[in-house]
Each structure stands twice: as structure tokens, then as C-alpha cells.
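Undergrad: 3D, please:
(one chain, ligands or ions: 1)
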Amino acid sequence: MPPAISATGLRKSYGDKLVLDGIDLHVPAGSVFALLGPNGAGKTTAVKILSTLVTADGGQARIAGHDLATESQAVRAAIGVTGQFSAVDNLITGEENMLLMADLHHLSRREGRRTAAELLERFDLADAAKKPASTYSGGMRRRLDIAMTLVGDPRIIFLDEPTTGLDPRSRHTMWGIVRELVAGGVTVFLTTQYLDEADDLADRIAVLHDGRIAAEGTAGELKRLVPGGHVRLRFTDPAAYRCAALALREAARDDEALSLRIPSDGSQRELRSILDWLDAAGVQADELTVHTPDLDDVFFALTGGAGVPHPSEETVR
Ligand SMILES: Nc1ncnc2c1ncn2[C@@H]1O[C@H](COP(=O)(O)OP(=O)(O)OP(=O)(O)O)[C@@H](O)[C@H]1O
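TA: Numbers count the residues shown, from 1 in each chain. Reported below is the predicted structural model:
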């Protein structure tokens, strides 16, 4: 099977603003690929190019085995796109939107009704089917958008920031939808600004920064790129803290918080040696936290941003 997407050297400028400065992408069929980047990084531009909506200034790409430049019709037939440039018409009902899509795909009236009903049901929109799309919540609208895309039974789906602006429950619903699509053999190319989303959903992740792919790999591979693993010991007794700080010379001190940060890969061996040392010195730490690098570390290391708080720490008391 050809890769779902393979692109080399994609370039795009708007006026004198260089948005994509030669990016390579390779997405195996049946996988989830996340293009990760902050606002304005060029994610939407990449999606628009790969889905034939915008022409690249340079580079080549094949989508589902078809050349993007010379076989754009075949590319269009193989893909579905949903995202910031949503296809949902707010003035008509969810069902009417679906039937319009069915018409566009030349389904018979009967087939169109059946497909529409099936998809509306699948995306939990059956109850709202007869209401105008303008009354839908953000989550419902995204679900309708995806349902409309699926009318054409695409093998590759582009989801441009599928969860931006959604509440946590709708985000998780959307993640479930992506997993279902992939279980059905669809390839998903998604863009996101959320590290947890890429971590959770994607087989491979590319970080877009300054118009280039700053790094690409599995979440695990990316996390191994950056240092940042450490063990943090927290004390409530200032004397115990001082005693530990004097002995553990490699530790970074935070005198105010009475905490020590020791570089560590978080392995059992290293944890044991820290605990052994504490025991031998008769020092009692009140809290021990193991921090392994997460995608935040990767992202900020690659894009030069400042650190952010880490919700993924595991605390042992
Ligand atoms: N049609 C256009 N004309 C001029 N500039 C554009 C056009 N489309 C995008 N840009 C610019 O290109 C840059 C990348 O935009 P793009 O929408 O691809 O970013 P993005 O990563 O998808 O960000 P966002 O999350 O905000 O959508 C931005 O600076 C944007 O202002």
C-alpha cells in the first residue's frame, strides 16, 4: 500500500511572509499523524495544500498514491477535510446539510437518506437532525462537519484543529471519534496546538516551527530528545532540607519551597540510590516527585518558549 501522504519540500509564502519553508511529511496508511504548532505556525496552510485547496509554491506531494499537482481530482476523491473552513451551512438543518453532501457525492435519494440517517445517529445528532445548524453547540457542529465529510467515504481525513474551543467532554468525544475512524482503516492527519492531544492520539507527531519541521517522531521518540527528567524532594523541616541540600550537591535548590531537584532518568536504580541515601543520612523527605519529560518539554525546547507547569508529575508521598 502506498503511504497515505508523502510530501517533500513543500513551500508557501503569502506576499513576503514565508509560511512553509520546505517541509517533508510521511504518513503511513491507517495511522494518525499530528502536525503540532502554535497559532500561526502554518498548520492550516499545510492542510490546505495537501487537500488541494491551495497550491504550494514548491515541493511535491502524493496523497493516496496520487500526485497532488497533476491528479488533484483523484486526490480530492480520496480525502475528506474538516476544520476551520467548515462546510456546515448554518441556515439549514443538520439533516439538510447531510443530504446536500449526499447530492454532491451523487448518491441516489434513497442511499443519501440512509447514509445521512446512519451518520447522524453515529455522531449522536439524530435528535438535533431537524434543527438548524445555527442552534448547534461547537461540539455538535464539529461532529456534523465530520459526519458530512464521511458521506464520501474518504480513506484519508484531514482534521484541522478538531478540538480547539471545545469543552473537555466534547474534546474527549472527538478523540473517541478519531480512534473509531482509525479502527475503521482511515488515515487521520490532524493539526493541533495541544500537546496532550498529539500525545494521546497520534502515532507520529511533527512539530512545526518557523515554517519548518523542528522534529518528527513518535511521542516517545520526541520525549527522548530533551533532557528534563528529574526527581524533586520536598521538605517541611528546614533542618532536614539543609542537611539534604548539603549532601546532594548535584541537586538544584529552591530554598523558599524547601525543595531539591535532582537530575534523573527516573529509573528504579536511580530512585533507589536517592532513597538509600536519604535513609542512610536519616533524612526524611515529605514528598518525592518523579518527573519524566513530556511533550511540553519537547515543544518548548524546540520552539524556545518558556517552561510551563507540568500536570503529568507523579507524586509519591
Ligand atoms: N490567505 C492568506 N493570505 C495572507 N496570509 C495568510 C493567508 N493564510 C494564512 N496566512 C498567514 O500565514 C501564517 C500561517 O497561517 P496558518 O493559518 O497556516 O497557521 P496555523 O498554524 O493554522 O494557525 P492557526 O492555529 O491560527 O490557524 C499566518 O501568519 C497567517 O496570517
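
Undergrad: from here on, just use CA atoms for contacts and neighbour counts.
TA: Will do.

Undergrad: gap between Leu260 and Arg242?
TA: Plainly put, Leu260 is 10 Å away from Arg242 if you go by C-alpha to C-alpha, to the nearest Å.

Undergrad: how does this protein divide into domains?
TA: 5-217, 225-316 (automatic domain parsing).

Undergrad: of Leu260 and Arg242, who's got more company?
TA: Counted by other C-alpha atoms under 10 Å, Leu260 and Arg242 do not tie: Leu260 has more neighbours, with 26 against 17.

Undergrad: the more buried one contacts Ala252, correct?
TA: Yes. Between Leu260 and Ala252 there is a contact under C-alpha atoms under 8 Å: 5.6 Å.

Undergrad: Ala74: neighbour count?
TA: If you count neighbours by other C-alpha under 10 Å, Ala74 ends up with 15.

Undergrad: that one should be in a strand, yeah?
TA: No. Residue state for Ala74 (DSSP: H, G, I helix; E, B strand; the rest coil) corresponds to helix; a strand is not indicated.

Undergrad: got the contact list for it?
TA: His66 (C-alpha atoms under 8 Å, 6 or more residues apart in numbering).

Undergrad: how much space between it and the ligand?
TA: Shown here: Ala74 relative to the ligand, a distance of 24 Å by C-alpha to the nearest ligand atom, to the nearest Å.

Undergrad: same question, Ala78
TA: In this structure, Ala78 and the ligand are separated by 22 Å, where distance is defined by C-alpha to the nearest ligand atom.

Undergrad: start the count at 36, not 1, going forward
TA: Okay, residue one is now 36; in that scheme the one you just asked about reads as Ala113.

Undergrad: check what pLDDT the closest residue to that residue other than its chain neighbours gets.
TA: In space, and not counting its chain neighbours, Ala113 is closest to Pro189: 5.2 Å by C-alpha to C-alpha, 6 or more residues apart in numbering. The per-residue pLDDT reported for Pro189 equals 93.

Undergrad: now swap in Glu349 and tell me
TA: According to the prediction, Glu349 has pLDDT 44.

Undergrad: mind listing what's buried in stretch 64-74?
TA: In terms of neighbour count (16 or more other C-alpha atoms under 10 Å), stretch 64-74 has its buried residues at Ala64, Gly65, Ser66, Val67, Phe68, Ala69, Leu70, Leu71, Gly72.

Undergrad: for those residues, which one is nearest the ligand?
TA: Within the buried residues of stretch 64-74, distances to the ligand taken as C-alpha to the nearest ligand atom reach their minimum at Gly72, with 6.0 Å.

Undergrad: how many other residues sit next to whichever residue of the stretch 236-352 of the chain sits closest to the ligand?
TA: Of the stretch 236-352 of the chain, the residue with the smallest distance to the ligand, taken as C-alpha to the nearest ligand atom, is Leu243 at 8.2 Å. As a burial measure, Leu243 scores 24 neighbours (other C-alpha under 10 Å).

Undergrad: and Thr105, by the same measure?
TA: For Thr105, the neighbour count with other C-alpha under 10 Å is 10.

Undergrad: and the most centrally placed residue in the chain, what does it touch?
TA: What sits nearest the mean C-alpha location of the chain, by C-alpha atoms, centre = their mean, is Ala233, with 2.8 Å. Under the criterion of C-alpha under 8 Å, 6+ apart, the contact partners of Ala233 comprise Ala69, Leu71, Thr227, Ile240, Ala254.

Undergrad: same question, Leu236
TA: Contacts for Leu236 were tallied using C-alpha under 8 Å, 6+ apart; they are Val67, Trp210, Val213, Arg214.

Undergrad: which pair in those residues spans the largest distance?
TA: Pairwise distances across the contacts of Leu236 (C-alpha to C-alpha) peak at 11.3 Å, for the pair Val67 and Trp210.

Undergrad: tell me the residues of the stretch 136-285 of the chain that contact the ligand?
TA: Applying C-alpha under 6 Å from any ligand atom, one finds that the stretch 136-285 of the chain does not approach the ligand at all.
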